[in-house]
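**Q** A structural model of the following input is requested.
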Amino acid sequence: MSRYTTTSYVLAVTAVLLVLHFHLLPATFAGLAVYVLTLKLARHLPKNMNRFAHKVALGVVVICVITCLTSACAAVWSFIGSSHGIAALLATVVDTLAGLRKALPASVADVLPTTIEGLRQQLVEIMGDHVQKISVVGMEGIKVFAHILLGMVVGGMAAVHHFTEHDKTPPFISAMRSRLRTLTTAFDKVVFAQVKISGLNTALTAIYLLIALPLFGIHLPMAAILVLLTFAVGMLPVVGNLVSNSLIVVISLGVSPAVGAASLLFLVLIHKAEYFMNARIVGHEVQATAWELLSAMLILEAVFGVAGLVAAPVAYAWLKAEVKAQGMI
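**A** Presented below is the predicted three-dimensional model:
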């Protein structure tokens, strides 16, 4: 191994650690996503467009991203303003709390709101008591969103730039480009696997909400919307499932405590099984066994928290590909 290759590995590992330490994972993943999508699309364009293929592909990706963001914002706004959106959700929560009041001690039941206005008032009071924390979370959210936008810009610029190897390419630059190619390949495989995992998780949730519960005469409100939400947020490892699972449990409690308990048990089992599904599906894509990926996920989660857990499949896939390329395994 030449000193240039060794230096490129040191810099690459250092970059990964810095990204995790300074919470730049969303920006990095956003940049890699734009980079990979642009290159994949450029390869499928007509050959007579080689000179402008990357720019055209980037334009298509940008249009798709803007369309998706606009559609998501419109859907959220429609959900908030719709009579079947936030209002229906609040009504369901109030009905759930009303049912719980009968089973809880009087000292606890008296604290629970009995109307939508009462629930709204409690939410306002809670937000008022924690306004400083909420403002910090809001600022962090804006910061992360800005990082994501910058990451997408960097990824798009890198995709448009032609990394063409030739005899005059300096050895160090060639080694760094090799690290980038291996990383993007690993990222591509892991993201494709995540789509499979989200689809499988959504299918199991749909079977439970739309088939299993109706067989017992139980019809959960907004079940179809919950299935769609499960797939949408399922693309966000760990965090996405927490969002969809919480809503499903709350709405299930609105039907009855028994249904709520059944939903909680089902979703806990699915959530735990996701670790193994993730390891098996991703492992098949990157040619790694389940125990390898689970070990990487546990170690990085212990060191870097949720960011380490999310980054573990990509980081390990990249590491194993590099080790294989050097003939060590």
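**Q** Now do the contacts for the nearest residue to residue 325 once chain neighbours are set aside.
**A** Spatial nearest neighbour of residue 325, excluding adjacent residues (CB to CB, 6 or more residues apart in numbering): residue 182 at 6.9 Å. Where you see a C-beta, it was placed from the backbone N, CA and C, and this is true even at glycine. The contact partners of residue 182, taken as CB atoms under 8 Å, 6 or more residues apart in numbering, are 318, 321-322, 325.
**Q** and those residues as CSV, adding distance to residue 307 and secondary structure?
**A** Below are the contacts of residue 182 laid out as CSV (distance: CB to CB, whole Å; DSSP: H, G, I helix; E, B strand; the rest coil):
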residue, distance to residue 307, secondary structure
318, 16, helix
321, 21, helix
322, 21, helix
325, 26, helix
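**Q** Throw together a ChimeraX command that grabs the buried residues out of these.
**A** Those of the contacts of residue 182 that count as buried under 16 or more other CB atoms under 10 Å are selected in ChimeraX with:
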select :318,321,322
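**Q** Closest one of the contacts of residue 182 to residue 74?
**A** Minimum distance to residue 74 across the contacts of residue 182 is 36.6 Å, recorded for residue 318 (CB to CB).
**Q** that older thread, which element is the residue nearest to residue 325 on?
**A** Following DSSP states H and E, the helix or strand that holds residue 182 is helix 171-206.
**Q** Same check on residue 220?
**A** Using DSSP H and E, no helix or strand contains residue 220.
**Q** from what I can see it touches residue 227, true?
**A** No. Counting by CB atoms under 8 Å, residue 220 stays clear of residue 227, with 10.2 Å between them.
**Q** Between the two, which contacts overlap?
**A** residue 209.
**Q** Buried residues, the helix holding residue 182. List them.
**A** 175-176, 178-179, 182-184, 186-191, 193-194, 197-198, 200-202, 204-206.
**Q** any idea how far residue 258 lies from residue 227?
**A** 22 Å (CB to CB, to the nearest Å).
**Q** of these two, who's got more company?
**A** residue 227 (20 against 11; other CB atoms under 10 Å).
**Q** tell me the contacts of the more buried one?
**A** Here residue 227 is in contact with 202, 205-206, 209-210 (CB under 8 Å, 6+ apart).
**Q** The helix or strand containing residue 42 packs against which elements?
**A** Residue 42 belongs to helix 25-43 when assigned by DSSP H and E. Helices and strands touching helix 25-43, by 3 or more CB pairs under 8 Å, 6 or more residues apart in numbering; DSSP states H and E, are helix 53-81, helix 131-160, helix 171-206, helix 306-325.
**Q** what's the closest of those to residue 11?
**A** helix 171-206 (7.3 Å).
**Q** Quick one: mean pLDDT over the closest one.
**A** Helix 171-206 shows a mean pLDDT of 85 in the predicted model.
**Q** For whichever helix or strand comes after that helix, which residues meet the burial criterion?
**A** Counting by DSSP H and E, the next helix or strand C-terminal to helix 171-206 is helix 213-215. Neighbour counts over helix 213-215 (16+ other CB under 10 Å) mark residue 213 as buried.
**Q** from the chain's centre, how far out does helix 213-215 sit?
**A** 30 Å (CA atoms, centre = their mean, to the nearest Å).
**Q** Please apply the same query to stretch 253-263.
**A** That offset, for stretch 253-263, works out to 27 Å (CA atoms, centre = their mean).
**Q** just use 563 as the starting number from now, easier for me
**A** Renumbered: residue one is now 563, and that last one reads stretch 815-825.
**Q** Which of the residues in that stretch are classified as buried?
**A** Buried-residue list, stretch 815-825, by 16+ other CB under 10 Å: 815-817, 821-822, 824-825.
**Q** And for stretch 882-891?
**A** Result for stretch 882-891 [16+ other CB under 10 Å]: buried residues 882-884.
**Q** what residues does it touch?
**A** So stretch 882-891 is in contact with 563, 571, 741, 744, 747-748, 848-850, 854, going by CB under 8 Å, 6+ apart.
**Q** how does it look with 7 Å?
**A** If you take CB atoms under 7 Å, 6 or more residues apart in numbering as the criterion, stretch 882-891 is touched by 563, 744, 747-748, 848, 850.
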